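1. coords please:
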Amino acid sequence: INPTKTFSSNRKIYLDAMTIKALSSWKNHQKQLGKISFVFSYNCLPVTKTMLANSMKKHGKMAGVKSIRIHDLRHSHASLLLSLGMNDLELKNRLGHA
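-> You can find the predicted model right below:
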């Protein structure tokens, strides 16, 4: 894991109770499997951008959808939050725009 490019790249991410419960349950499951220090792992190793991109490509093809890049998820996330009523300033701060 490498440090972020800039100090402003460090952000707090707020999670709802359901997400916290799911993550806690997952971490407890991982403890039973052995020492795994990464939330998102594959064979006890951290998931890399390449692994994620390949998985998205494979599952996208299986689902019959066009190629989706990891960065496209950022755009979908922003569009969803705007449609749910988040204001532009909150969204800008969440996405890390100056």
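2. tell me the domain boundaries of the protein?
-> As given by automatic domain parsing, the domain ranges for the chain are 15-47, 48-98.
3. ok, how many other residues are close to Met51?
-> Using other Cβ atoms under 10 Å, Met51 has 13 neighbouring residues. (C-beta placed from N, C-alpha, C; glycine too.)
4. identify the residue spatially nearest to it, adjacent ones excluded.
-> Tyr42 (6.3 Å; Cβ to Cβ, 6 or more residues apart in numbering).
5. show me which positions of stretch 32-46 end up buried.
-> Of all the residues in stretch 32-46, those buried under the rule 16 or more other Cβ atoms under 10 Å are Ile36.
6. can you give me the helices in the chain?
-> For the chain, the helices defined by DSSP state H occupy 17-33, 49-63, 70-83, 88-95.
7. can I get those in CSV including distance to Asn10 and mean pLDDT?
-> Below are those laid out as CSV (distance: least, Cβ to Cβ, whole Å; pLDDT from 0 to 100):
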stretch, distance to Asn10, mean pLDDT
helix 17-33, 20, 92
helix 49-63, 19, 91
helix 70-83, 17, 93
helix 88-95, 13, 89
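8. Ser9: which of the ones you listed is closest?
-> helix 88-95 (11.3 Å; Cβ to Cβ).
9. any idea of the angle that closest one forms with helix 70-83?
-> On the basis of axes from the mean of the first three to the mean of the last three Cα atoms, to 10 degrees, helix 88-95 is oriented at 150 degrees to helix 70-83.
10. burial count for Leu82?
-> Other residues lying near Leu82 total 13 when counted by other Cβ under 10 Å.
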